[in-house]
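*Asks:* model this:
(2 chains)
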Protein chains: 2
Amino acid sequence: MGDHPLAAGALVCPAPLPAIDRVQLGHGSGGKLSAALLRDRFLPSLGNPALRQMGDAAVVPVGPAEIAISTDTFVVQPLEFPGGNIGSLAVHGTLNDVAMMGARPRYLTAGFVLEEGLPFDLLDRVIGAMARSAESAGVPLVAGDTKVVERGKADGLYVNTTGVGLLEAGFRPAPDRATPGDAVLVSGPIGRHGMAIMAAREGLAFEAEILSDSACLVPLVELLRDAVGSEVHVLRDPTRGGVASALNEIAAASGVGIELDEPAIPIPEAVIAACEMLGLDPLYVANEGVLVAMVPGALAGQALAALRSHPLGSGAAVVGRVVSGHPGLVSLATAIGGSRIVDLLPGDQLPRIC
Amino acid sequence: MGDHPLAAGALVCPAPLPAIDRVQLGHGSGGKLSAALLRDRFLPSLGNPALRQMGDAAVVPVGPAEIAISTDTFVVQPLEFPGGNIGSLAVHGTLNDVAMMGARPRYLTAGFVLEEGLPFDLLDRVIGAMARSAESAGVPLVAGDTKVVERGKADGLYVNTTGVGLLEAGFRPAPDRATPGDAVLVSGPIGRHGMAIMAAREGLAFEAEILSDSACLVPLVELLRDAVGSEVHVLRDPTRGGVASALNEIAAASGVGIELDEPAIPIPEAVIAACEMLGLDPLYVANEGVLVAMVPGALAGQALAALRSHPLGSGAAVVGRVVSGHPGLVSLATAIGGSRIVDLLPGDQLPRIC
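*Replies:* Numbers count the residues shown, from 1 in each chain, chains lettered A, B, ... in the order given. This is a model prediction of the structure:
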């Protein structure tokens, strides 16, 4: 002890640098700090042969196929919430968008905007969650980019993910394929992601903690593909704007009406209670691990059984039907025998939800 | 005149809304305002059949090929600068990254983070520039996403672009293929993008205005492919960190040395003067419309002639060579007969350049 020059308080030149534990502007420079950020924080979790090519773009094979491409930028606040963080959300969200087209996700990219001062331990948790989510889905992150902006300019971090999936003939769900006679299914209870974010953001303590449902929906899509195949007319993940907005978009794209049965819609008690307290409608609250499917009424039982065979779909339900009347409109038959139109909202119930 | 109720100051209920001329938080909601933003601002410029599918992901064909994928987020300040804006830069930057792998860019996606209060006229200029750049390159933007964050949280806007290109056998430039005996070429004068941004940001008036070189490099890559084919060992666009950082990365990836001849490097007088004034080294200043190519020395003349046959390459030059000595290092033979090592910088000369 004491024989090290620093221990004796000796002058050293150059002065020792304090350990760096947070993002600095120089981390966005393309220089040594950028290289260190990539080497120390990103590659240990996310590394794979395609990403380690370190070229300007990843080179990856595709078959003689069509591909589906989806891009989504995530600006959720707070960055961490019960049930996930912006990293897992960003992977699930884009994988789900690719899967909703009937494609099998194959490749992901990630583009980060990091705020100067972002603690590395938070960044590491986000990257770790991305890595676990991507690995669990079997989809490598093959290209990435990192930019750094000054303090106050990014709320910690934003991240864009873009996904590429491969399509095969015979399975082409699309928002314009809803057909009168189709049953409308949801794969599980709705409203959890939005209310989990709301609780985390506002520091609200509901009676029961609400966890985000953020999850990769690919396994459910595979089960539906096996059970119903080309008869899956529509798949959609009702994220921003919730089930109500997703159904409105489908009704408009397909030129059909949609009728929902309110008592059939699975909504957790905790979500109902929280929504009542805040004056929100669960139909408009974002989901990040629920899909809406439309299949011919005669196949609804098969589709429901397929969904329920997976833990993620154990709460699946038939919640309504596609009709030829009132094209473009979504209506709700209420528990007390009434009926109301479920319209698109002009703006946000809850901003920065994803 | 005077017969309109408003002109007479009559009360109207509901009160008329003022015309919306800027981004509001609700534009990120996934509701009606989001749909209006997409319909009124994005689709008129950027619409194409794939984007108008409006599914969760775009479905596009690829041949039986490998694909190259690249992603890049743009946070440049200011958003508009002499020679371009963040929109044209974001398209050129990603197309160029795909092209540097030898792939022909085929599809682009764009993910926006918009700041509440961003004026629509500025957004329209950015989108217009993206549309013109993408159209001129013949590459459609097939998927997009828009998020809105509160005032002060995004410096106007950030945009991520991700590009997919198709690769063919026989043309595979890569950063690890530099070979002793290769000539090092640049396609034009260097240092313009970084100095144009610097001048615009700091309100500096240099003697001559410096325009960003932001441009799509695909035509130059096609010319090199025709002239030299598989003998194009390396292509790289020296953006963040400039020519010096790009060459350091290539030297490290290939395990070779690189020797530059200072007098051969084309640098505009205005860039030299501005760099001297600010104490910057043009070798580290970002370019957005210049490529570095490495080809066997015997083919340097053909490669140079190919580049010079296009206006974008009229200032092309052979600036150095790849050697087996000092692997991983870049050296510069100066005009006065000396020699120095051109190292990676630890951080930024100029932050937020792209």
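*Asks:* For the residue of the stretch 101-250 of chain A at minimum distance from chain B, which three-state class applies?
*Replies:* Nearest residue of the stretch 101-250 of chain A to chain B (C-beta to the nearest C-beta) works out as A:Arg240 at 3.2 Å. C-betas here are computed from N, CA, C, even on glycine. Following DSSP: H, G, I helix; E, B strand; the rest coil, A:Arg240 is assigned to coil.
*Asks:* I'd guessed it sits against A:Arg352; true?
*Replies:* No: if you go by C-beta atoms under 8 Å, A:Arg240 and A:Arg352 don't touch, sitting 10.1 Å apart.
*Asks:* Tell me where chain A has strands.
*Replies:* A:58-74, A:80-81, A:84-85, A:104-115, A:141-149, A:157-167, A:182-186, A:234-236, A:257-261, A:292-296, A:317-323, A:330-333, A:339-341 (DSSP state E).
*Asks:* Just put those in CSV and tack on mean neighbour count, distance to chain B and mean pLDDT.
*Replies:* As requested, the strands of chain A are exported to CSV (neighbours: other C-beta atoms under 10 Å in any protein chain shown; distance: least, C-beta to the nearest C-beta, whole Å; pLDDT from 0 to 100):
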stretch, mean neighbour count, distance to chain B, mean pLDDT
strand A:58-74, 22, 3, 83
strand A:80-81, 20, 17, 96
strand A:84-85, 23, 17, 97
strand A:104-115, 26, 4, 93
strand A:141-149, 25, 5, 89
strand A:157-167, 28, 4, 94
strand A:182-186, 24, 16, 98
strand A:234-236, 27, 7, 96
strand A:257-261, 21, 17, 98
strand A:292-296, 26, 11, 98
strand A:317-323, 21, 18, 98
strand A:330-333, 20, 14, 97
strand A:339-341, 11, 14, 95
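*Asks:* Skip the chain neighbours and tell me the closest residue to A:Phe74.
*Replies:* Spatial nearest neighbour of A:Phe74, chain neighbours left out: A:Ala90 (4.4 Å); criterion: C-beta to C-beta, 6 or more residues apart in numbering or on different chains.
*Asks:* Low-confidence stretches in the stretch 251-354 of chain A?
*Replies:* The model of the stretch 251-354 of chain A has pLDDT under 70 over residues A:348.
*Asks:* Where does it get nearest to chain B, which residue?
*Replies:* Distance from chain B to each residue of the stretch 251-354 of chain A (C-beta to the nearest C-beta) is smallest for A:Gly347, at 2.6 Å.
*Asks:* wait, that residue sits on B:Leu33?
*Replies:* Yes: between A:Gly347 and B:Leu33 there is a contact under C-beta under 8 Å: 4.9 Å.
*Asks:* what does the stretch 151-300 of chain A put close to chain B?
*Replies:* A:152-155, A:158, A:160, A:162-165, A:167, A:174-175, A:236-237, A:239-241, A:245, A:249, A:253 (C-beta under 8 Å from any C-beta of the partner chain).
*Asks:* follow-up on the earlier one: same drill for A:Gly347 and B:Leu33, tell me which one is more crowded.
*Replies:* Set A:Gly347 next to B:Leu33 and count neighbours by other C-beta atoms under 10 Å in any protein chain shown: B:Leu33 wins out with 22 against 18.
*Asks:* Which residue lies closest in space to the more buried one, excluding its sequence neighbours?
*Replies:* B:Gly26 is the one closest to B:Leu33 (C-beta to C-beta, 6+ apart), at 4.2 Å.
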